[in-house]
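Undergrad: predicted model, plus sequence, below.
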Amino acid sequence: MASKPVEQLDSVVIRFAGDSGDGMQLTGGRFTSETALIGNDLATYPDFPAEIRAPAGSLPGVSGFQLHFADHDILTPGDQPNVLVAMNPAALKTNLNDLPPSGILVVDKDAFTDRNLTKAGYGGNPIEDGTLESYEVHAIPLTSMTIEALKDIEGITKREAERAKNMFALGLMSWLYGRPTEGTIAFLESKFARRPEIAAANVKAFQTGYAFGETTEAFAVQYEVKPATMKPGLYRNITGNQALAYGLIAASVKSGLPLFLGAYPITPASSVLEELARHKNFGVRTFQAEDEIAAVGAALGASFGGSLGVSTSSGPGIVLKQETIGLGITLELPLVIVDVQRAGPSTGMPTKPEQADLLGVMFGRNSESPVPVIAAATPSDCFDAALEAARIAVKYRTPVFLLSDAYLANGSEPWLLPDVDAIPPIEPGFAEANGEDFQPYRRDEQTLARPWAIPGTPGLEHRIGGLEKQDVTGNVSYDPDNHDLMVRLRAQKVAGIAQDIPELEVDDPDGAEMLVLSWGGTYGSVAAAVRRVRGAGKKVAHAHLRYLNPFPRNTGEILRAYDKVLVPEINLGQLQKLVRAEFLVDATGFNLVRGIPFRAGEVADAIGAMVDS
Amino acid sequence: MATNGKLSAKDYKTDQEVRWCPGCGDYAILAALQSFMPELEVPKEKIVFVSGIGCAARFPYYMETYGMHSIHGRAPAIATGLATSRPDLSVWVVTGDGDSLSIGGNHLIHALRRNVNIKILMFNNEIYGLTKGQYSPTSPLGTRTKSTPMGSLDWPFNPLSLAIGAEASFVARAIDTDRAHLTQTLRAAAAHRGSSFVEIFQNCNIYNDGAFDFVREDKENRIYLEHGKPIRFGAEGKKGVRQRTDGSVELVDVTDESELLVHNAHHVEPSAAFALSRLTQSTANATPIGIFRDVERPVYDDLMAQQIATAHAEQAGDIGALLQAGDTWTI
């Protein structure tokens, strides 16, 4: 048959939403892979409940996956979808508010039964009662068409046939946006290799969905989004947690230090543990501990023995680790602690992002216990941030906090693969006996780091501990002046790292009077917002902090150069407090703490209003 | 210069002044351990003592080896990371009844079940010494201390029952002042590959003096366990231990040695060892000393090393290849 007319689009935001058991994350993941292969720029945001399988059809059980893809470089997964695929009434109900008028809405008509409608709290059927008339609605019997398409495949149950409906939907969307199909077919055949009949069913459902798009009169046009112009090189798609795990492995390879991960399962950090557990061929030791405290304790013990000790967790686990981190600070041993932040306090909303652990990691230990803090900006930046955290930890013999969040952890983007040979080595610089009397707290004059003398080194037997130590010798000391000195030395050591990190860069092409200062996982939303404000003809500067402690050495200078400073954060103003306290600048906050990433539009509105004020 | 093991006790003494109270049982244990160390035939740079918090936890400062005085209760966790990442080291944990059974109880039981290659010496004095005399998780019910003026309300742990229940592969008991037997027990603990748990009755002469006098002073109440031998004790071995039909044990006057329980420390099943651990001052006014249990079981560190070796043999890690795995595209 003749192909349909093709309409060009510069960008599309698509959201797949369905029951937790409907396979929406898989569907979104496959659409992402297809899109990556076309060469579009992309950003994804999986949004799922903490409940593994909330009651089928219920509102809390809705799982979503949003993907933004474009023919130009983009920074966020998109504020609002252009297309919403809703697999049941609950998915429609929880996601419809985000779909702008005239947006494309694809629903599985078969799922809109009285029972499902009641579970979702609908009085009538929105497909039939006119509720949806401002949208371009495609009510398609996805379930029954899938079952019909698979009726000739032997060895599968009706339930198994029905479960392939997500692949029908994926096939339809793949046609609509001209995505390649080979990768998904190969993926399904590999994933279900042990059950070829299931593989066949899913492939068939996928192909039938694709063919349905071609033939149905419901879709008059097919869309095309051309590849984006991106820096040349080899790319892959990557999530934040995967990039973080790879960064830790790279740090191990580049330092020659075996990687030891102590971790306790916790959302949204567990996938770092799972990823690292798959790479024992790099000598990676993953220790799933009995609790968060043991996880970091074992990592510190491994560091004492000359490993790169790492512990990964999220807020509720981080608070349990703080005592051990304090020990690491006074022992002055390398340790990387990863906090994949989630919404709190307490258990909070485990799968949802937040940036509210900053003050906790800065100050949440007893006494004066300074620790360097680094925050990743994007999913792929988690790789570089992990490498940098390890570099600082090893060079300065100190615990280092690496902050990520639930959005970065699960979100993905194309990643221009780094030249691994060009990554500089990390020198552990273990102490060796040199005939002199060994002093475990005799510091390097430049870095103030103490020697790292690992067990097994003859002649350097020594004892360290949590009791205050005498300067140089490390012997237990209660001397008042010595304590004051040691408190200051530990602080100076961390503060001095400012000389060893890049200056803060400002993006200010127009000579603005207002600066937006962001940090961590909001980079994409804030940078996109800044673009929009500039697009509206206003001047605004943007600086993004990767180093939260110490701040880059020119931070104060930059902040003071602007009349107005806005600090957007997914907390109630934690960086804002820090920069006010440190630099005496009248920074204003923009704060929304909803457990979702900022939408670029709302940040742009806040910036625009402040520029005009 | 690597040490060759031909050292003496004084080579394991540090220049730090030992700061336990005069008369503390810890001195005897320290002396026994410093004397035993040369016999270990491990270069002293390969020996590490890790401790938590408490009087016992000061131990590493007095041993001329590598050492870490860490935080309350966490020594088994820290030692697990160290031992697992460095199978070449001899890692010892020194802990007390509060450190290991209260705040660190979770780490202790998990280290034991994993069978990490660490030697845990638990100095039990049935009191919190460093915090000046509060009752501990091994203090008998009704113990009157500053925090329990009307007597403690909680039933105590039996440390050996706990360790056996936690799947420990080596469980023993010694007495601070019985140097020969303590050394013999340390020797067996060191020889065991995996977790060794040794409870050492240690007298706190300040806050709980005489807690173990029933066996420290009255040697006839010591039931020395010897593998493969009928369990006899008391003056001229006139008393013995008999196993009842329900598996529990009782003390008897020996009339017929064949009735007595023959101690088998290597029995796969821990039931008899557990039954023996129930003989205490309160149940029998006598208690077994020696090795209750010594069985071979896969060691966590070895298993992890094997997995790494297997994975490495299949395909050595290549960071460039790792990053490029999966779907890639070129622009």
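TA: Yep, it's here.
Undergrad: is chain B contacted by the helix or strand containing A:Ala186?
TA: If you go by DSSP states H and E, A:Ala186 is part of helix A:182-191. Yes. Contact between helix A:182-191 and chain B is present through A:Gly183 (criterion: CB under 8 Å from any CB of the partner chain). Bear in mind the C-beta positions are built from the backbone N, C-alpha and C, glycine included.
Undergrad: buried residues in that helix?
TA: The neighbour-count check on helix A:182-191 (16 or more other CB atoms under 10 Å in any protein chain shown) flags A:Thr184, A:Phe187, A:Leu188 as buried.
Undergrad: could you report the neighbour count for residue 147?
TA: Using chain A. When counting by other CB atoms under 10 Å in any protein chain shown, one arrives at 19 neighbours for A:Ile147.
Undergrad: sorry, should have said chain B
TA: Quick note: B:Ser147 (other CB under 10 Å) scores 13 neighbours.
Undergrad: so which bits of the stretch 351-500 of chain A are right by chain B?
TA: Counting by CB under 8 Å from any CB, the stretch 351-500 of chain A sits next to chain B at A:417-418, A:420-421, A:433, A:455-467, A:475-476.
Undergrad: out of those residues, which are buried?
TA: A:417-418, A:420, A:455-457, A:459-466, A:475-476.
Undergrad: rewinding a little: so which of the residues of the stretch 351-500 of chain A next to chain B belong to strands?
TA: A:Arg463, A:Ile464, A:Gly465 (DSSP state E).
Undergrad: between these, which sits nearest B:Pro43?
TA: Of all these, A:Arg463 has the smallest distance to B:Pro43: 17.1 Å, by CB to CB.
Undergrad: for the stretch 201-331 of chain B, what spans make up the helices?
TA: B:213-216, B:271-277, B:281-284, B:300-314, B:319-324 (DSSP state H, counting those that start in this stretch).
Undergrad: out of those, which is the most enclosed?
TA: A comparison of those by mean neighbour count, using mean count of other CB atoms under 10 Å in any protein chain shown, puts helix B:271-277 on top with a mean of 22.
Undergrad: thinking again about what came up before, any chance of the ones in strands among the residues of the stretch 351-500 of chain A next to chain B in JSON lines, with distance to A:Ser20 and pLDDT too?
TA: JSON lines is the format used below for those (distance: CB to CB, whole Å; pLDDT from 0 to 100):
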{"residue": "A:Arg463", "distance to A:Ser20": "52", "pLDDT": "97"}
{"residue": "A:Ile464", "distance to A:Ser20": "48", "pLDDT": "97"}
{"residue": "A:Gly465", "distance to A:Ser20": "48", "pLDDT": "97"}
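Undergrad: residue with max distance from the center of chain A?
TA: A:Gly435 (48.7 Å; CA atoms, centre = their mean).
Undergrad: quick one, phi psi at that one?
TA: phi 90, psi -20 (degrees, to the nearest 10).
Undergrad: for residue 224, list the residues it contacts.
TA: No chain specified, so I'll use chain A. Taking CB atoms under 8 Å, 6 or more residues apart in numbering or on different chains, we find A:Glu224 in contact with A:Val6, A:Glu7, A:Gln8, A:Leu9, A:Tyr177, A:Gly178.
Undergrad: wait, chain B was what I had in mind.
TA: B:His181, B:Phe233, B:Pro288, B:Ile289, B:Gly290.
Undergrad: got the CA positions of the helix holding A:Ala186 in PDB?
TA: These are the backbone C-alpha positions of helix A:182-191, laid out as PDB (Å, rounded to 0.1, in the frame of the first residue of the first chain):
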ATOM      1  CA  GLU A 182      15.300  -4.500  14.100                       C
ATOM      2  CA  GLY A 183      16.800  -3.700  17.400                       C
ATOM      3  CA  THR A 184      13.600  -4.400  19.300                       C
ATOM      4  CA  ILE A 185      13.000  -7.700  17.500                       C
ATOM      5  CA  ALA A 186      16.500  -8.800  18.300                       C
ATOM      6  CA  PHE A 187      16.100  -7.700  21.900                       C
ATOM      7  CA  LEU A 188      12.900  -9.700  22.300                       C
ATOM      8  CA  GLU A 189      14.400 -12.800  20.800                       C
ATOM      9  CA  SER A 190      17.300 -12.600  23.200                       C
ATOM     10  CA  LYS A 191      15.300 -11.600  26.300                       C
END
